[in-house]
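A.B. asks: Below is the sequence, then the predicted model.
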Amino acid sequence: MTTTDMVQAPAGTIVGRRAGRVRRFLGIPYAEPPVGARRFAAPVRRGRFPQPYDATRHGATAQVVPLFEATTIPEPSVPGDDVLNLSVVAPVDRADCPVLVWVHGGGFLAGSPASPWYDGRSFARDGVVTVTVGHRLGVEGFAPLDDVPTNRGLRDLLLALDWVRDNIAAFGGDPGRVTLAGQSAGGAAVLALLSSPAAEGRFQRAVSLSGGFFEVAEDTARGFLERLGERLAVPPTRDGFATCTRDQLQWAVRELRADEALVLGPFVGDDILPVPVVDGLAAHSHDLPLLLGATGDEFDGPAAPESARTAGTRLTDTFFRAACPRAAAARRHAPAGTWLYSFEWPSPTTGGATHCIDIPFFYDVLDAPGVTAALGADPPAELGVLMHADLVAFVRGEAPAWTRATGALGDPAREYGRPGAPFAADTTGVFDPVVRAAVEAC
């Protein structure tokens, strides 16, 4: 049975829904709509709601056009301009709960915080408040343009974290126990903010799933914007792109990027990311614990030769898995610690431990829409129980049960779902191929 629920927060009165022991408040704006003069500007904090705010349905998404015809994760696009919003899923009648703030993936060009794979009902069951954040994407979020702030998408996330700090207690969350987490581009955003002096004090723990050091060089981004301007017949400037609608920009980006992995993303050289992410990790946030890992196959799947996996030379290795020991090495002196995991369960649908399929296990939502299409008819529930429990324990403030990593050969890691092994097993050396490849490349 679903009933109306209401909270009184510093942001105002917010009306959501309660179903059983779970409360949902969806699409709450944390900033003013990024339209008109605000479209390419730094985000502006939303004023207090003058009337009760209806948070019973998902808010508008920055994504208008999905990145691909079909995506592994269900990623609904919701129309509207109020895209800088977040959703809160919380347990009933609880206070001072740890908080998980989630950043979705999508290559910094697409993705949706409204995905049913990000529903926090299992976290609420376990006493964790979940906040899922939307931010600007693509040209509006990450294009380096003259006379406007860079890293606008990351600035959106920082403002969302400020909203959480100021308001989450009204939903039963503890603003002093916030874990910032994300997957793919979302995981990369977590690492970027973990490395950023501008983010200090805004969260206390970090989790990066299949993230990486996804900074885009300025010449690469500006070269892409030149081609994008030609395609749209506008100057590659703020004023030029401002004449295009969001769907025009996103369709053109999708058509133009073809097989390029990253064309827009975090920008190095401003107040948010003054140095490359790996250098920032070596210099900042040593008091924040970090859990990170990747799937075994990401975008390679079963077609990749086993010899390439052993050598650490696949796209999966160089783009995703190599970031794990590199981050651990950069933080080897961090007293708070870094822990690695590797997701190895092969989906019978994709044939490998491919990109995104670990999310329903970490969220423990194996009954969510789209899971059967990605994981087959009978994904192992025990694996979800174990992975979710490990993540909940980390969010609660516990140190992982396995040994910390330092980025060296033979580093320990938690291995999930490797065929022929227990669903969760501590191992060493699973990241050795990418470490050896990096040493040999020097």
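C.D. replies: Noted; the coordinates are in hand.
A.B. asks: from here on, contacts and neighbour counts on C-alpha atoms
C.D. replies: Fine.
A.B. asks: Could you list the low-pLDDT ranges of the protein?
C.D. replies: For the chain, residues meeting the criterion pLDDT under 70 lie at 259, 303, 442.
A.B. asks: so where do the strands sit in it?
C.D. replies: With DSSP state E as the criterion, the chain has strands at 2-9, 12-19, 22-29, 53-54, 85-91, 97-103, 129-133, 173-183, 205-209, 290-295, 338-343, 412-416, 424-428.
A.B. asks: Next, the angle strand 173-183 makes with the fifth one.
C.D. replies: Regarding strand 85-91 and strand 173-183, their directions subtend 120 degrees when assessed with axes from the mean of the first three to the mean of the last three CA atoms, to 10 degrees.
A.B. asks: Give the other helices and strands that strand 85-91 contacts.
C.D. replies: Other helices and strands packing on strand 85-91, by 3 or more CA pairs under 8 Å, 6 or more residues apart in numbering; DSSP states H and E, are strand 22-29, helix 121-125, strand 129-133.
A.B. asks: The second one now?
C.D. replies: Using 3+ CA pairs under 8 Å, 6+ apart as the contact test, the elements touching strand 12-19 are strand 2-9, strand 22-29, strand 53-54.
A.B. asks: okay, those strands, which one's buried deepest?
C.D. replies: strand 22-29 (a mean of 26; mean count of other CA atoms under 10 Å).
A.B. asks: Could you export it as PDB, CA atoms only?
C.D. replies: Provided in PDB are the C-alpha atoms of strand 22-29 (Å, rounded to 0.1, in the frame of the first residue of the first chain):
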ATOM      1  CA  VAL A  22      10.400   2.600   2.300                       C
ATOM      2  CA  ARG A  23      10.000   6.400   1.700                       C
ATOM      3  CA  ARG A  24      10.600   7.900  -1.700                       C
ATOM      4  CA  PHE A  25      11.000  11.600  -2.600                       C
ATOM      5  CA  LEU A  26      11.700  11.900  -6.300                       C
ATOM      6  CA  GLY A  27      13.000  14.800  -8.500                       C
ATOM      7  CA  ILE A  28      13.700  17.400  -5.800                       C
ATOM      8  CA  PRO A  29      15.400  20.400  -7.400                       C
END
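A.B. asks: Paired strands for it, with orientation please.
C.D. replies: strand 12-19 (antiparallel), strand 85-91 (antiparallel) (DSSP bridges).
A.B. asks: what comes into contact with that strand?
C.D. replies: Residues from elsewhere that reach strand 22-29 (CA atoms under 8 Å, 6 or more residues apart in numbering): 5, 14-18, 46, 53, 55-60, 82-92, 121, 124-125.
A.B. asks: Using PyMOL, make a named selection holding only the buried ones among these.
C.D. replies: Here is the PyMOL command that selects only those of the contacts of strand 22-29 that count as buried (16 or more other CA atoms under 10 Å):
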select buried, resi 5+14+15+16+17+18+46+53+55+56+58+59+60+82+83+84+85+86+87+88+89+90+91+92+121+124
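A.B. asks: Could you check how far residue 47 is from residue 90?
C.D. replies: Here residue 47 is placed at a distance of 23 Å from residue 90 (CA to CA, to the nearest Å).
A.B. asks: ok, which stretches of the stretch 51-200 of the chain are helices?
C.D. replies: Taking DSSP state H, counting those that start in this stretch as the criterion, the stretch 51-200 of the chain carries its helices at 121-125, 138-142, 152-167, 185-194.
A.B. asks: quick one, which of these is packed in tightest?
C.D. replies: Greatest burial across those, using mean count of other CA under 10 Å, falls to helix 185-194, with a mean of 28.
A.B. asks: Centre of the chain to stretch 266-281, how far?
C.D. replies: Distance of stretch 266-281 from the chain centroid (CA atoms, centre = their mean, to the nearest Å) equals 18 Å.
A.B. asks: buried set for it?
C.D. replies: 266-268, 272-281.
A.B. asks: Check stretch 201-214 too.
C.D. replies: Quick answer for stretch 201-214 (16+ other CA under 10 Å): 202-214.
A.B. asks: repeat for stretch 285-300
C.D. replies: 285-286, 288-300.
A.B. asks: Of all the helices and strands packed on strand 12-19, which one comes closest to residue 234?
C.D. replies: Proximity to residue 234 (CA to CA) singles out strand 22-29 among these, at 31.2 Å.
A.B. asks: List just the nearest of the buried residues of stretch 266-281 to residue 76.
C.D. replies: residue 266 (24.0 Å).
A.B. asks: For the nearest residue to that closest one once chain neighbours are set aside, grab phi and psi.
C.D. replies: Leaving aside its sequence neighbours, residue 266 sits nearest to residue 215 (CA to CA, 6 or more residues apart in numbering; 4.7 Å). Phi and psi for residue 215, reported as degrees, to the nearest 10, are phi -60, psi 150.
A.B. asks: Identify the residues contacting residue 215.
C.D. replies: 265, 266, 267, 268, 276, 277 are the contacts of residue 215 under CA under 8 Å, 6+ apart.
A.B. asks: can you rerun that using 6 Å?
C.D. replies: 265, 266, 267 (CA atoms under 6 Å, 6 or more residues apart in numbering).
A.B. asks: so which of these would you say is closest to residue 398?
C.D. replies: Distance to residue 398, by CA to CA, is smallest for residue 266 among the contacts of residue 215, at 30.4 Å.
A.B. asks: what about residue 20, neighbour count?
C.D. replies: 11 (other CA atoms under 10 Å).
A.B. asks: Distance check, the residue sitting furthest away from the middle of the chain against residue 135.
C.D. replies: No residue in the chain sits farther from the centre than residue 233, which is 33.0 Å out by CA atoms, centre = their mean. In this structure, residue 233 lies at 27 Å from residue 135, with CA to CA as the measure.
A.B. asks: Would you mind giving the helices and strands packed on strand 85-91 as CSV with distance to residue 359 added?
C.D. replies: Listed next are the helices and strands packed on strand 85-91 as CSV, based on distance: least, CA to CA, whole Å:
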stretch, distance to residue 359
strand 22-29, 20
helix 121-125, 13
strand 129-133, 14
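A.B. asks: Nearest approach to residue 226 belongs to which of those?
C.D. replies: Proximity to residue 226, assessed across the helices and strands packed on strand 85-91 by CA to CA, is greatest for strand 129-133 (30.1 Å).
A.B. asks: what's that closest one packed up against?
C.D. replies: Counting contacts by 3 or more CA pairs under 6 Å, 6 or more residues apart in numbering; DSSP states H and E, strand 129-133 packs against strand 85-91, strand 97-103.
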